[in-house]
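Colleague: 3D model of this:
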Amino acid sequence: MSENLPIVQHWINGAISASKSGRTAPVFDPALGQQTKSVALADQAEIDATVAAAQAAFPAWRDLSLAKRQSIVFKFRELLAGRSRELAEIITSEHGKVVSDAAGEVARGLEVVDLATGFPHLIKGGYSSNVSTGVDVYSIKQPLGVVGIISPFNFPA
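Modeller: Now for the predicted structure:
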């Protein structure tokens, strides 16, 4: 039966990327006890390609003004808010949470995005004059590069 189910592929470099590993893992609806889809599993080469794509995209992101980065995060927030019910239903079907709990999780995720929209004010750095004779000290905060995240299964949003 699993041969007819959809396979969730990777998202690499701004596009769906079919897995080359040939390996998948089942995704079950815990409430029904039925497999609803499969998720593609990456091999090391695919992981390396994903990291390389992110590293290649980083300079363009780093060089965007804070105002432009902030507008992108605002747009992401609009998309998230506009599809919050759909996202709650996906979480319910994949994690077994009741829809109200999943909706609360999406709402909490929106709060995190709201906080991120204010980051330009949080990353200003600092300046101290004459900390020692003729010495001024300043700090700047800049994007450093690519990071990897593994989200907890019970709080995926």
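
Colleague: how many neighbours does Ile12 have?
Modeller: Residues within reach of Ile12, counting by other CB atoms under 10 Å, total 19. No exception for glycine: its C-beta is placed from N, CA and C like everyone else's.

Colleague: backbone phi and psi for the closest residue to it other than its chain neighbours, please?
Modeller: Spatial nearest neighbour of Ile12, chain neighbours left out: Thr50 (5.0 Å); criterion: CB to CB, 6 or more residues apart in numbering. Dihedral pair for Thr50: phi -70, psi -50, per degrees, to the nearest 10.

Colleague: just Ala81 next, same as before
Modeller: phi -60, psi -40.

Colleague: hang on, it packs against Leu110?
Modeller: Yes - between Ala81 and Leu110 there is a contact at 6.0 Å, judged by CB atoms under 8 Å.

Colleague: and the pLDDT for Thr36?
Modeller: pLDDT, Thr36: 93.

Colleague: next: Glu3.
Modeller: We note a pLDDT of 65 for Glu3 in this prediction.

Colleague: just Phe153 next, same as before
Modeller: 67.

Colleague: how about the residue nearest to Lys97 when sequence neighbours are not counted, secondary structure?
Modeller: Distances taken as CB to CB, 6+ apart place Ile91 nearest to Lys97, at 5.8 Å, with adjacent residues excluded. Following DSSP: H, G, I helix; E, B strand; the rest coil, we place Ile91 in the helix state.
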